[in-house]
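Peer 1: Give me a model of this one.
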Amino acid sequence: MTRMGYTLLVLGVLLWAGGARAQLAPPPPTKTITIVNNSAHVMYAVIQAPIQFGKNVHDLWMQAQLGVKEADYLNRPFLTTKLYRAWINHGNGGIPPGGSVTITVPFYTQLHPWTQANSGKVQDQFVDWWNAMRVYVFEGKDATDAAYNYSQDNPPQGQPVKPVLPPYPITPMTGAAVPTCTSGCALDLRSYFIGFPNGIPAQLVEYTFAAAEGPPNQSTFSIDLAKVNYNISAVDSIYLPMAIGAKGNNTAANTYLGSVQNVQAFQTALNEYTLQGGLWPAFVPAYFLPSNSIIAVPSPNGPPRGITAYPQPQVPSANFMYAESYRVPAPAPPTLTSDGDPPWVTKRTHGQLGDVGQGTLDLWNKCTTGGGTSKTCTRIQAIRDFFVADYKVCFGAPPRLNDPNVLHAFVRDVYGWVQFEGCAGSLANTLPAQYPAAIKTFCDLMYNFFTVTDDSEVFDPYVKLVHVTLASNAYAFSIDDEQAFKSLPGTGVIVTIAGANGLENKTQTELPTAANYNKFCESAP
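Peer 2: Alright, predicted model coming up:
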């Protein structure tokens, strides 16, 4: 071959390679997730990337990593319209007792062609596996199958019926990075328009790899790829004993979050807390028939024939208890044992919360309408006044708390420490002058089980369940964050079920006590 021919050949190869690179974004960095099953039960897990779609929504992580110019961030939002899931060993036996899996997670998986010109402008151009991620863990194949099969199409606007379709396969571009699993482990990548119902019990773990900053909160983009951020969430419910710690971090700060109890002890404590709805509502198991997997079969008296009963119970938080127990109309199929009349839940009427659950509403009513003068009542009155003032700023008039439906929604938002639906902005921004005192009072109420001697004065028994009975530093409510969340340098995270084996640091993060709970709770905005 002549020198000129060789030069032309090399040039042609370079041109082809350049064209290929124009279709693929730069290779993404990776981190790992290791899940260790220390229980005597087969466990299943799924990694879920969120839908990021809507006005003023943008994926800050993707923008910072792929070099979006600050002035152009609104035009390149990297929107996603589906939930993207990586099912771990779904058809391959799950994670057996004593077993473990390690998943290598790329920052992103590319689904559509990428160039500098269209970067971030194409919906579902990438799956972002690093930002605002969830890992759900299920006990047993039946619960996992129910969650896997639960899928609906996204119909055109105005179409009343959502067609039933199987989960959509994810089709990455040729050469794109995808999540991978260790030997003997398989991943099934699927996309969905909807989440699975609450009646399929699972424990939630959350992680975000890297830490990005940028517009509108910061004028320039930056990203720290070394960080791992994680927590065990019991904000909505609690189900399984799980712990989490950073991988590749040998510092003293890498103490684990969560619980390392065995499954039997954990579930016994949950059963004693709910007493089948007699003390506190529990989730009604939602079973799904293989012949029609989208249709829930609520079964308060047991599962349909041929389906194994889910291990029970899954216990809702106080905020979730109020949100579901007083929905109008009652949810059908039901979510909690307190939802609705037959045929959905036998021997229950709307809003029956059980003795302990009802006690929280009785305490609120005693303190806000019955003239209670205890320290607990004084704090409840202060929180009521703060939320009433916030409501007036939002809507121009005070809430009609003599209307039971308004009252229950109001109490729900108090327990959730959330802004009222339809009101823009945060609680901190609506009443900035009153907020510091209000958040301290709210924290004192959430942890008042440390100080009161009368159980009827405990504001939120669920917080005591999580932190004392279960000895877990999972999030027990929305701003229970300082000891329930960690951000450390690391190469990934390690998640364990029912034990500390597999964690790099087997020391638990400090649990809240009467002496220290203020520093754990009051840090939230």
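Peer 1: quick one, what contacts the nearest residue to residue 210 once chain neighbours are set aside?
Peer 2: Excluding its sequence neighbours, the residue lying closest to residue 210 (C-beta to C-beta, 6 or more residues apart in numbering) is residue 225, at 5.0 Å. For glycine as for every other residue, the C-beta is placed from the backbone atoms N, C-alpha and C. With contact set as C-beta atoms under 8 Å, 6 or more residues apart in numbering, residue 225 has these partners: 29, 209-210.
Peer 1: List buried members of the residues you listed by neighbour count.
Peer 2: Buried residues within the contacts of residue 225, counting neighbours by 16 or more other C-beta atoms under 10 Å: 209-210.
Peer 1: Which members of the contacts of residue 225 occur in strands, if any?
Peer 2: 209-210 (DSSP state E).
Peer 1: Assign the residue nearest to residue 210 to helix, strand or coil.
Peer 2: strand (DSSP: H, G, I helix; E, B strand; the rest coil).
Peer 1: change the start of the numbering to 334 and stick with it
Peer 2: Done: numbering now begins at 334, and the last item shifts to residue 558.
Peer 1: for the nearest residue to residue 838 once chain neighbours are set aside, what are its contacts?
Peer 2: The spatially closest residue to residue 838, leaving aside those adjacent along the chain, is residue 587, at 4.5 Å (C-beta to C-beta, 6+ apart). Going by C-beta under 8 Å, 6+ apart, residue 587 touches 578-579, 821, 823, 837-838.
Peer 1: Distance of residue 587 relative to residue 826?
Peer 2: Per C-beta to C-beta, to the nearest Å, residue 587 is found 10 Å from residue 826.
Peer 1: which residues do these two both contact?
Peer 2: Common neighbours of residue 587 and residue 826 (C-beta under 8 Å, 6+ apart) are 578-579.
Peer 1: lowest-pLDDT helix or strand in this structure?
Peer 2: Across the helices and strands of the chain, mean confidence by mean pLDDT, DSSP states H and E is lowest for helix 336-356: a mean of 42.
Peer 1: What is whichever helix or strand comes after it packed up against?
Peer 2: The C-terminal neighbour of helix 336-356 among helices and strands, as given by DSSP states H and E, is strand 363-370. Where contact means 3 or more C-beta pairs under 8 Å, 6 or more residues apart in numbering; DSSP states H and E, strand 363-370 is packed against strand 376-382, strand 433-439, strand 466-472, strand 825-830.
Peer 1: Let me know which of those strands is tucked in deepest.
Peer 2: Mean neighbour count (mean count of other C-beta atoms under 10 Å) peaks for strand 825-830 among the helices and strands packed on strand 363-370, with a mean of 26.
Peer 1: Run the angle between that strand and strand 433-439 for me.
Peer 2: 150 degrees (axes from the mean of the first three to the mean of the last three C-alpha atoms, to 10 degrees).
Peer 1: any weak-confidence spans in the stretch 684-833 of the chain?
Peer 2: 684 (pLDDT under 70).
Peer 1: For it, which segments count as helices?
Peer 2: In the stretch 684-833 of the chain, the segments counted as helices under DSSP state H, counting those that start in this stretch are 687-702, 708-728, 737-749, 760-763, 768-779, 794-797.
Peer 1: for those, which one ends up most surrounded?
Peer 2: With neighbours defined as mean count of other C-beta under 10 Å, the helices of the stretch 684-833 of the chain peak in mean count at helix 794-797, which reaches a mean of 22.
Peer 1: Can you give the contact residues for that one?
Peer 2: With contact meaning C-beta under 8 Å, 6+ apart, helix 794-797 is reached by 613, 648, 650-651, 654, 689, 692-693, 779-780, 782, 791, 809-810, 813.
Peer 1: make it 10 Å
Peer 2: 567, 570-571, 606, 612-613, 648-654, 689-690, 692-693, 748, 778-783, 788, 791, 802-803, 809-810, 813, 845, 850, 854 (C-beta atoms under 10 Å, 6 or more residues apart in numbering).
Peer 1: go on, stretch 713-721?
Peer 2: Identification of contacts with stretch 713-721 by C-beta under 10 Å, 6+ apart yields 696-701, 704-707, 731-732, 734, 743-744, 746-747, 750, 752-753, 760, 763-764, 767-768, 770-775, 777-778, 781, 790, 792.
Peer 1: what do you get if the cut-off is 8 Å, keeping everything else the same?
Peer 2: So stretch 713-721 is contacted by 696-697, 700-701, 705, 731-732, 734, 743, 746-747, 764, 767, 770-771, 774-775, 778, 792 (C-beta under 8 Å, 6+ apart).
Peer 1: Tell me, how many residues neighbour the closest residue in space to residue 501 that isn't next to it in sequence?
Peer 2: The shortest distance from residue 501 to any non-neighbouring residue, by C-beta to C-beta, 6+ apart, is to residue 524 (4.4 Å). Number of residues near residue 524 (other C-beta atoms under 10 Å) recorded here: 21.
Peer 1: tell me which element residue 524 falls in.
Peer 2: strand 520-525.
Peer 1: So which elements touch that strand?
Peer 2: Using 3+ C-beta pairs under 8 Å, 6+ apart, strand 520-525 sits against strand 416-421, strand 501-502.
Peer 1: buried residues in that strand?
Peer 2: For strand 520-525, the neighbour count (16+ other C-beta under 10 Å) marks 520-525 as buried.
Peer 1: Report the strands that pair with that strand, each with its relative direction.
Peer 2: strand 416-421 (antiparallel), strand 501-502 (antiparallel) (DSSP bridges).
Peer 1: want to throw those strands into TSV with mean pLDDT?
Peer 2: Converted to TSV, the strands paired with strand 520-525 look like this (pLDDT from 0 to 100):
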stretch	mean pLDDT
strand 416-421	98
strand 501-502	90
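Peer 1: Could you say which one of those comes nearest to residue 443?
Peer 2: strand 416-421 (12.3 Å; C-beta to C-beta).
Peer 1: Now do the end-to-end distance for stretch 724-740.
Peer 2: 13 Å (C-alpha to C-alpha, to the nearest Å).
Peer 1: Look up how far residue 761 lies from the residue nearest to residue 501.
Peer 2: 35 Å.
Peer 1: same check, this time on residue 430
Peer 2: 46 Å.
Peer 1: And for residue 400?
Peer 2: 33 Å.
Peer 1: check contacts around residue 645.
Peer 2: 534, 600, 604, 615, 618.
Peer 1: let me fix that: residue 848
Peer 2: So residue 848 contacts nothing (C-beta under 8 Å, 6+ apart).
Peer 1: Surely it is in a strand?
Peer 2: No - looking at residue 848 with three-state DSSP, it is coil, so not inside a strand.
Peer 1: on that earlier part again, right, and the residue nearest to residue 501 touches residue 419 too?
Peer 2: No - contact criterion C-beta atoms under 8 Å: residue 524 and residue 419 do not qualify, at 10.6 Å.
Peer 1: before we move on, the earlier item: so which of the strands paired with strand 520-525 is nearest residue 447?
Peer 2: Closest of those to residue 447 is strand 416-421, at 16.9 Å (criterion: C-beta to C-beta).
Peer 1: ok and that closest one relative to strand 363-370, angle-wise?
Peer 2: 60 degrees.
Peer 1: returning to that earlier point: just the buried residues of the contacts of residue 587.
Peer 2: Buried among the contacts of residue 587 by 16+ other C-beta under 10 Å: 578-579, 821, 823, 837-838.
Peer 1: what residues go with each domain of this protein?
Peer 2: Listed domain ranges for the chain are 336-594, 612-803 (source: automatic domain parsing).
Peer 1: Including distance to residue 831, could those go into JSON lines?
Peer 2: Below are these laid out as JSON lines (distance: least, C-beta to C-beta, whole Å):
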{"stretch": "domain 336-594", "distance to residue 831": "4"}
{"stretch": "domain 612-803", "distance to residue 831": "12"}
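Peer 1: out of those domains, which comes closest to residue 817?
Peer 2: domain 336-594 (5.4 Å).
Peer 1: Alright, calling it a day.
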